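**Student:** Provided below for reference: sequence and predicted model.
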Amino acid sequence: MKFRFPFFDSIGMPLLCAAAIALFLFESKRPLRKRIRPKLERLQQNASVAATALPALRLLLLPCMYAAAQKAAKYRFGLLHWSGLPLWARHIAGFLLLDYTNYLWHVLLHKSDLLWRFHNVHHMDLDLDLSTAWRFHIGENIASAPYRSAAVAFIGAPASLVLFYEVIFEGCAAFHHSNMRLPFKTEQKLSHVIVTPRMHGIHHSIVARETNSNFSVIFSWWDRLHKSLMLHVSQDEVTIGVPAYRDPAEQTAFKLFTMPFYKQRAWRLPDGTEPKREERYPSHKLCP
């Protein structure tokens, strides 16, 4: 299995680092949501989670997906190999299909009780900013390797496209997790095509109906297609996190690492109530 990827490591990673620095500066100067926890404390905790999760992405997930793409090419397996499309069309279709399968994976993370245990670590963050984009339990990243590798093989995506898509995937995840306040009209237009900070902020709400919406990673079209889009909640009304896990003392690195191995709590606040919001329409119109 190949582990060295010059394009990803020499071009992709520096670009992602530069984008992360820019997003960090922008969200510090123009925050979208008010912070409720000390910034430095959260950064340290999220970095400790990312310290195990990110190596799993680079050393397990990426090599597995690349190997799946190479095997599919060798045996002419997958939708794109069977399609007869020209090379340029296969790359466009492959990019879209990779993004669509990641939408489905995100839905599965929420629907599966087992997978949710690990994904919950990401959602438990009491604030939402750039650091949340890397706060994933290593168990979730390991579990994603078989699914995403199988998706690559089934699509028949070229290996070079897999690497390119992953750079864009990581960059977009950093963008829409950021706490950056964009001009509202600009973000309103962007949300018709890609996932934006306001759109993804709703996905991190303590209201269950809102958490179970806006699953897309790059293109917002998949939520529109599956009617899982929700845009009509103002960021001032969104409380970030999971209702049953509101205690900052539970956000230590050790507790976050071990949390998936304990019984998960019901979707209720500490006082026993379930957060709800009155249904409003139209749901496809972005709110400030």
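**Tutor:** Now that the structure is in, tell me what you want to look at. Residues are numbered from 1 along each chain as shown.

**Student:** Find the residue closest to Val49 in space, skipping its chain neighbours.
**Tutor:** By the measure of CB to CB, 6 or more residues apart in numbering, the closest residue to Val49 outside its immediate chain neighbours is Arg135, 4.9 Å from it. In short, each C-beta sits where N, CA and C put it, glycine included.

**Student:** I'd guessed that neighbour sits against Ser48; true?
**Tutor:** No: using CB atoms under 8 Å, Arg135 is not in contact with Ser48, being 9.3 Å away.

**Student:** which one of those two has more residues nearby?
**Tutor:** Counted by other CB atoms under 10 Å, Arg135 and Ser48 do not tie: Arg135 has more neighbours, with 24 against 16.

**Student:** gap between that one and Ile194?
**Tutor:** Distance of Arg135 to Ile194, computed by CB to CB, to the nearest Å: 21 Å.

**Student:** Distance check, Phe219 against Tyr100.
**Tutor:** Phe219 sits 8 Å away from Tyr100, going by CB to CB.

**Student:** Can you report phi and psi for the most far-flung residue of the chain relative to its centre?
**Tutor:** In the chain, the residue that sits farthest from the middle, by CA atoms, centre = their mean, is Gly84; the gap is 32.1 Å. With angles defined as degrees, to the nearest 10, Gly84 sits at phi 80, psi 10.

**Student:** show me what contacts it?
**Tutor:** By CB atoms under 8 Å, 6 or more residues apart in numbering, Gly84 lies in contact with nothing.

**Student:** And it, what's its pLDDT?
**Tutor:** Note on Gly84: pLDDT of 91.

**Student:** got any ranges where the stretch 101-250 of the chain has weak pLDDT?
**Tutor:** For the stretch 101-250 of the chain, no stretch has pLDDT under 70.

**Student:** which residues in the stretch 151-288 of the chain form strands?
**Tutor:** Assigned strands in the stretch 151-288 of the chain: none (criterion: DSSP state E, counting those that start in this stretch).

**Student:** separation between the nearest residue to Trp222 once chain neighbours are set aside and Leu16?
**Tutor:** Excluding the flanking residues, the one nearest Trp222 by CB to CB, 6+ apart is Tyr103, at 3.9 Å. Distance of Tyr103 to Leu16, computed by CB to CB: 21 Å.

**Student:** Around Arg42, count how many other residues there are.
**Tutor:** Applying other CB under 10 Å, we find 21 residues neighbouring Arg42.

**Student:** swap in the one 10 residues further on?
**Tutor:** Residue neighbour count, defined by other CB under 10 Å, stands at 15 for Thr52.

**Student:** Can you tell me the closest non-neighbouring residue to it?
**Tutor:** Closest residue to Thr52 apart from its sequence neighbours, by CB to CB, 6+ apart: Ile138 at 4.4 Å.

**Student:** Pretty sure the one you found sits against Ala56.
**Tutor:** Yes: if you go by CB under 8 Å, Ile138 and Ala56 touch, sitting 5.1 Å apart.

**Student:** wait, what's in contact with the residue nearest to Thr52?
**Tutor:** Going by CB under 8 Å, 6+ apart, Ile138 touches Thr52, Ala53, Ala56, Phe257.

**Student:** just how off-centre is the helix or strand the first one falls within within its chain?
**Tutor:** Thr52 is part of helix 39-56, with elements assigned from DSSP states H and E. Going by CA atoms, centre = their mean, to the nearest Å, the spacing between the C-alpha centre of helix 39-56 and its chain's C-alpha centre is 16 Å.

**Student:** Ok, stretch 65-83 next?
**Tutor:** Stretch 65-83 sits 25 Å away from the centroid of its parent chain (CA atoms, centre = their mean).

**Student:** cool, and stretch 166-174?
**Tutor:** 9 Å.
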